[in-house]
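Engineer: Sharing a model that was predicted from the sequence below.
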Number of protein chains: 2
Amino acid sequence: MRIPLDREDGQPLYRQISGYIRRGILAGSLVPESRLPAVRALSRDLGVNRITVETAYAELEAEGLVDMRVGSGTFVLPSYVQSEICPARRIWPDWQGMLREHMSGLSFPDLESDPEVVRFNSGLGDSRFFPMDEFRKVMRDVLRRQGTEALESGDVRGHEPLRRNIASILGSQGVQVGAGNILITSGTQQSLSFAAIALLRAGDTVVVESPTYAGALDMFRSMGVKLAPVPMDEHGMQVGRLEALFREHAPKLIYTIPNFQNPTGACMSGPRRRRLVALAAQHGIPVFEDDYVGDLRYEGLAQPTLKSLDTCGNVLYGSSFSKMLMPGLRVGYLVADGPAYDALAEIKRVHSLATSSLLQCAVHEYVSVGRYAAYLRKSRQIYRVRRDAMLEGAKRHLSGVKIAPCTGGLACWMELPEGVSCTELRKYALKERVDFTPGPRVYPYPAQGESFMRLNFAAHSRETTGEGLQRLGRAMEKAAG
Amino acid sequence: MRIPLDREDGQPLYRQISGYIRRGILAGSLVPESRLPAVRALSRDLGVNRITVETAYAELEAEGLVDMRVGSGTFVLPSYVQSEICPARRIWPDWQGMLREHMSGLSFPDLESDPEVVRFNSGLGDSRFFPMDEFRKVMRDVLRRQGTEALESGDVRGHEPLRRNIASILGSQGVQVGAGNILITSGTQQSLSFAAIALLRAGDTVVVESPTYAGALDMFRSMGVKLAPVPMDEHGMQVGRLEALFREHAPKLIYTIPNFQNPTGACMSGPRRRRLVALAAQHGIPVFEDDYVGDLRYEGLAQPTLKSLDTCGNVLYGSSFSKMLMPGLRVGYLVADGPAYDALAEIKRVHSLATSSLLQCAVHEYVSVGRYAAYLRKSRQIYRVRRDAMLEGAKRHLSGVKIAPCTGGLACWMELPEGVSCTELRKYALKERVDFTPGPRVYPYPAQGESFMRLNFAAHSRETTGEGLQRLGRAMEKAAG
């Protein structure tokens, strides 16, 4: 125990020791039944006489805070006193206040959870379909076979067999790259963070779709980056507007979600994909392609990824196993070419070091091309049925709502009837115990999102979706009335 | 398979399909014996006639690239052609070139590994002592007991029981905080990255010790941050120089390693600790305290952490289980108070989301206060012996070298004899198959480190250390001659 002692302080050392321990007990950091260091050990650690420590302990015992048990040590007793000893700190250093201001654009999401609320605001699929038994077996094998190697710090770029494996999966999806183009990260959020750290400085401008993924908007805002929004329509980003934006803002990055865009669900058309890739290359502006649910398609044709159309290393491609497998795995990847790959690997090294070897080995064992394809097939089946339940239920219970086409992904995008504000609706919805992602969360200019909401269907059974939409219908009646 | 097809291209669709697959096979992303999509599935995905796909496959078969096996599908054959189809890209977009320039201050570490080299340049302990069987058991229990919950996306701040657990361990080490002050990260590197993202912008100045941890220097450089070095001596950072630096640079952060400083091994004296904490608070400059091996002490008194001396929330404290337990676990933590804690949690959310729940649950089960203390005791014993082997061996084999006092941590810091340059010595050392951390790596102004080197002892047995030092002795003779 490293107790701060001040030998020039007027207070005797034993008092400093007992005072420190008392504060710990009353603040709860020294929990009941925990053992204090042996007198001998603590006196040696602190360079004080044994009697000093004994006196301190005796004082604490006299106060009923600890119990000295002969032959076994000194133990913390349960304390029923509500602590007033650590005064609430109300005055913080100036830089702390500035941090708050700095981040005023960000939302601090509510972390409470009421299990009765139907959460259409989820961004994930349903974990109950995850083949837990298989994964458990894989983890056991990895720990047995690889031993401590799985717990050592591995290659910063990622476990090589896993990178080869991902290259094969990407090959089967139309992105032809090698293991040397793949950087393992903890997920798309981290991939995007690394790209931003490499390419952006405070005050720079980034082109984003409007609306787009809230987590990307928040990340860019946290870095003091300016946003140049391009409106979406049913064919994806309105690529025709890009050149004007390039002239006006000289952006340093274009962030796009071409497939089943979050939140609108729109798929960028083939011609727009080609035009975007060509324009960005021509103006020398890098593109970050977020393919968060790439192949989770229920109808329609597969469109090529932007990365597969990129001939000059101008596109960075990010995806992960979080949406398709389990979010708690925290294994994703970033695809890049040339110097950008090296720079991103270096950014990874200095901002987070390697990704957990153990998880990478497990994901590698688990995710073969065949198993991935099978899991994708099964997910498509389940989620398509759930999507249908959402569409039917919304038609029945949410009168006046316009539903955007939804051919893939995890959520539906809806426009509210005239006169219903999303912020207002959400208040009634939470009272009815149903939640959704409010439009303002996903717009670069939040006020533009007041007529929209996003509803996740993938995480919920048909029944839960039906129940949730009934509640939301009641909330809408109240919000409209 | 999402093959990019261009219907306005002059090339027939079957040619586009066969061309795409051919490139994949020759580039190696479609590996031998992998199965191409069924004709029916691919024609549906791409919205083309079945005959188009069949024609493409037939062309590939005629070239000997694939094998159509009746009743089982079309398979990739081993290809012996060295690919000339994907031309080496030599012209990159301008922004890629700029990335390189941008990062010119960073080193790209050599990733090759020759098992015969004695690596005194490690920054870690010895993983062979890790109680693998216990950990395996813990992991099995977690997966059985918590099921899919362990694979879901948890609280961004970190698994609550683990945070409480860490608060108890910190309490036993003299930092009295609650679970609400602890933010789980993937390690100190990430903790430091979050603090830098929250507090620094390109062009800002950060006060660093000189020399200091290379990974921190590289991280600050990657963000375009200026470095204001404070020299070290045997009592730690020369705190008396701080006020002049504050006036000159108005720094936004002070980064310090008070215990067994990396690389010098120096421990900051008690009076300097108090002065540093007071000065920083008075000038409103936040301090990041990197306690990377906090309690790994072989002799001497325990000094209080800066965090325990901080009364106003001005100190951020980072540590991890990577040095003491296993680096591959990637679980560390950041301690902060007040608005800074909320801001850092938000930075974590937008730059990486949650840390793997599975690993957090496993670390929580594994790391109890008692087990941590026992592991610490054992590590101290083993590493103290190894430290002694390093000191004795260095005296015997490295004549003229001055060895800094080393009372804890994982490495020794040495000054080379006059006339021997570290960069020169390392060339000879690598020929002798021994490596070390060269001084320039750890200095804010690299040239100032030419007379120094850091040698890790914790990762090596007595015998390996002896052998490595003999080799280094031979290299020194050559470098001096």
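Structural biologist: Yep, it's here. This one's a predicted model, so the numbers in the text were calculated from it and none came from an experiment.

Engineer: make it CA atoms for all contacts and neighbour counts henceforth
Structural biologist: OK.

Engineer: and the gap between A:Val293 and A:Leu410?
Structural biologist: 8 Å (C-alpha to C-alpha, to the nearest Å).

Engineer: More neighbours: which of those two?
Structural biologist: In this view A:Val293 and A:Leu410 are compared by other C-alpha atoms under 10 Å in any protein chain shown, and A:Leu410 has more residues nearby, 28 against 21.

Engineer: Leaving out sequence neighbours, find the closest residue to the more buried one.
Structural biologist: Nearest non-adjacent residue to A:Leu410, counting by C-alpha to C-alpha, 6 or more residues apart in numbering or on different chains: A:Ala458, 5.1 Å away.

Engineer: For that neighbour, list the residues it contacts.
Structural biologist: Applying C-alpha atoms under 8 Å, 6 or more residues apart in numbering or on different chains to A:Ala458 gives the contacts A:Leu124, A:Gly125, A:Asp126, A:Tyr383, A:Arg386, A:Arg387, A:Leu410, A:Ala411.

Engineer: For those residues, give me TSV that also has distance to B:Cys422.
Structural biologist: Supplementary listing: the contacts of A:Ala458 in TSV, determined by distance: C-alpha to C-alpha, whole Å:
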residue	distance to B:Cys422
A:Leu124	53
A:Gly125	55
A:Asp126	56
A:Tyr383	61
A:Arg386	65
A:Arg387	65
A:Leu410	57
A:Ala411	59
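
Engineer: Pick out whichever of the residues you listed sits closest to B:Leu77.
Structural biologist: A:Tyr383 (35.4 Å; C-alpha to C-alpha).

Engineer: shouldn't A:Ser320 be in contact with A:Gly332?
Structural biologist: Yes. Using C-alpha atoms under 8 Å, A:Ser320 is in contact with A:Gly332, at 3.7 Å.

Engineer: Touching both of the two, which residues are there?
Structural biologist: The contact lists of A:Ser320 and A:Gly332 share A:Gly187, A:Thr188, where a contact means C-alpha under 8 Å, 6+ apart.

Engineer: Looking at these two, which is more packed in?
Structural biologist: A:Ser320 (28 against 25).

Engineer: Mind listing what's buried along stretch A:53-63?
Structural biologist: A:Val53, A:Glu54, A:Thr55, A:Ala56, A:Tyr57, A:Ala58, A:Glu59, A:Leu60, A:Glu61 (16 or more other C-alpha atoms under 10 Å in any protein chain shown).

Engineer: what's the average pLDDT for that stretch?
Structural biologist: Stretch A:53-63 carries an average pLDDT of 87.

Engineer: For that stretch, what is the distance to the chain centroid?
Structural biologist: 48 Å (C-alpha atoms, centre = their mean, to the nearest Å).

Engineer: hmm, that stretch in reach of chain B?
Structural biologist: No. With C-alpha under 8 Å from any C-alpha of the partner chain as the criterion, chain B is not reached by stretch A:53-63; the gap is at least 14.8 Å.

Engineer: now stretch A:161-169
Structural biologist: Yes. For a cut-off given as C-alpha under 8 Å from any C-alpha, stretch A:161-169 has contacts with chain B, namely A:Ala167, A:Ser168.

Engineer: which bits of the stretch 1-150 of chain A sit near chain B?
Structural biologist: Near chain B, when you scan the stretch 1-150 of chain A using C-alpha under 8 Å from any C-alpha, you find A:1-5, A:24, A:27-31, A:36, A:44-47, A:89, A:91-97, A:99-100, A:103, A:108, A:111, A:127-128, A:130, A:132, A:136, A:140, A:143-144, A:147-148, A:150.

Engineer: Determine the longest helix present in chain A.
Structural biologist: helix A:369-397 (DSSP state H).

Engineer: how about that helix: buried residues?
Structural biologist: A:369, A:372, A:375-376, A:379-380, A:383-387, A:389-391, A:393-394, A:397.

Engineer: residue contacts, A:Glu33?
Structural biologist: So A:Glu33 contacts A:Phe75, A:Val76, A:Leu77, A:Pro78 (C-alpha under 8 Å, 6+ apart).

Engineer: and what of A:Lys402?
Structural biologist: By C-alpha under 8 Å, 6+ apart, the contact list for A:Lys402 reads A:Met414, A:Glu415, A:Leu416, A:Pro417.

Engineer: ok, of those, which come out buried?
Structural biologist: A:Met414, A:Glu415, A:Leu416, A:Pro417.

Engineer: Keep only those of those that are in strands.
Structural biologist: Counting by DSSP state E, these place A:Met414, A:Glu415 in strands.

Engineer: Return the member of the buried ones among the contacts of A:Lys402 nearest to chain B.
Structural biologist: Within the buried ones among the contacts of A:Lys402, proximity to chain B (C-alpha to the nearest C-alpha) peaks at A:Met414, which comes in at 25.2 Å.

Engineer: Find the nearest non-adjacent residue to the residue of the stretch 351-481 of chain A found nearest chain B, please.
Structural biologist: In the stretch 351-481 of chain A, the residue that lies nearest chain B is A:Ser352 (4.6 Å; C-alpha to the nearest C-alpha). With C-alpha to C-alpha, 6+ apart as the criterion, A:Ser352 has its nearest non-adjacent residue at 4.6 Å, and that residue is B:Gln190.

Engineer: Tell me the secondary structure at A:Val142.
Structural biologist: Secondary structure state of A:Val142, per DSSP: H, G, I helix; E, B strand; the rest coil, is helix.

Engineer: Pretty sure it sits against A:Leu359.
Structural biologist: No. Using C-alpha under 8 Å, A:Val142 is not in contact with A:Leu359; the gap is 9.5 Å.

Engineer: which other helices and strands contact the particular helix or strand that has A:Thr55 in it?
Structural biologist: Taking DSSP states H and E as the criterion, the element that holds A:Thr55 is helix A:50-62. Counting contacts by 3 or more C-alpha pairs under 8 Å, 6 or more residues apart in numbering or on different chains; DSSP states H and E, helix A:50-62 packs against helix A:13-27, helix A:39-46, strand A:66-69.

Engineer: winner for burial among the ones you listed?
Structural biologist: Ranked by mean neighbour count, the helices and strands packed on helix A:50-62 are led by helix A:13-27 with a mean of 20 (mean count of other C-alpha atoms under 10 Å in any protein chain shown).

Engineer: Next, find the distance separating the closest residue to A:Ala38 other than its chain neighbours from A:Glu63.
Structural biologist: Distances taken as C-alpha to C-alpha, 6+ apart put A:Gly73 closest to A:Ala38, at 6.6 Å, once the chain neighbours are dropped. Distance of A:Gly73 to A:Glu63, computed by C-alpha to C-alpha: 17 Å.

Engineer: And the next helix or strand past the helix or strand harbouring the residue nearest to A:Ser352?
Structural biologist: If you go by DSSP H and E, B:Gln190 is part of helix B:188-199. Using DSSP H and E, the helix or strand that follows helix B:188-199 in sequence is strand B:205-210.

Engineer: ok and that following strand relative to helix B:188-199, angle-wise?
Structural biologist: Strand B:205-210 runs at 150 degrees relative to helix B:188-199, counting by axes from the mean of the first three to the mean of the last three C-alpha atoms, to 10 degrees.
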